[in-house]
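> whatever this is, show me its structure:
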Amino acid sequence: MTVLFYLNDEWGDNGAGRLRVLRGPNGFEPYDCEVPPTMGWMFAFLRSEESWHGHPPFAGERKVVQTAWVRDEGELQRKKKRNATAQFFKGIFGR
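Residues are numbered from 1 along each chain as shown. Below is the predicted model:
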């Protein structure tokens, strides 16, 4: 399970950077709902191989606290490996 707590005072309304619950794995449309990343919004969802989500690209700072619960050691190791890979690429290409 993942829970996101948004901490941004305001957000532009062009759609960039807003979390979307997607209908499939290919792109940011179509989607079922969109969550503005502004103060007071929280979004929780169960992670699975079919819990498609993401946000359209944007430039700038996006403040969010993310908490994840895992069921077992194997899932924890998978999450750590994925996070290390993401951090590696963010270090190369920037945030």
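> what segments of this structure are strands?
2-6, 19-22, 31-35, 42-45, 53-54, 64-68 (DSSP state E).
> out of these, which is the most enclosed?
strand 19-22 (a mean of 19; mean count of other C-beta atoms under 10 Å). In short, each C-beta sits where N, CA and C put it, glycine included.
> F93 is nearest to which of the strands of the chain?
strand 53-54 (16.5 Å; C-beta to C-beta).
> for the closest one, the distance to its chain's centre please.
Its chain's C-alpha centre and that of strand 53-54 lie 6 Å apart, by C-alpha atoms, centre = their mean, to the nearest Å.
> begin at 17 from here
Yep, numbering from 17; the last one is strand 69-70 now.
> for that strand, name the packing helices and strands.
strand 35-38 (3 or more C-beta pairs under 8 Å, 6 or more residues apart in numbering; DSSP states H and E).
> ok, the residue most central in space within the chain - contacts?
The centroid of the chain falls nearest to G70 when counting by C-alpha atoms, centre = their mean (5.4 Å). Shown in contact with G70 (C-beta atoms under 8 Å, 6 or more residues apart in numbering): 35-36, 38, 44.
> rerun at 7 Å
By C-beta atoms under 7 Å, 6 or more residues apart in numbering, the contact set of G70 is 36, 38, 44.
> could you dump the strands of the chain to JSON lines with distance to A100?
Below are the strands of the chain laid out as JSON lines (distance: least, C-beta to C-beta, whole Å):
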{"stretch": "strand 18-22", "distance to A100": "18"}
{"stretch": "strand 35-38", "distance to A100": "23"}
{"stretch": "strand 47-51", "distance to A100": "26"}
{"stretch": "strand 58-61", "distance to A100": "23"}
{"stretch": "strand 69-70", "distance to A100": "20"}
{"stretch": "strand 80-84", "distance to A100": "15"}
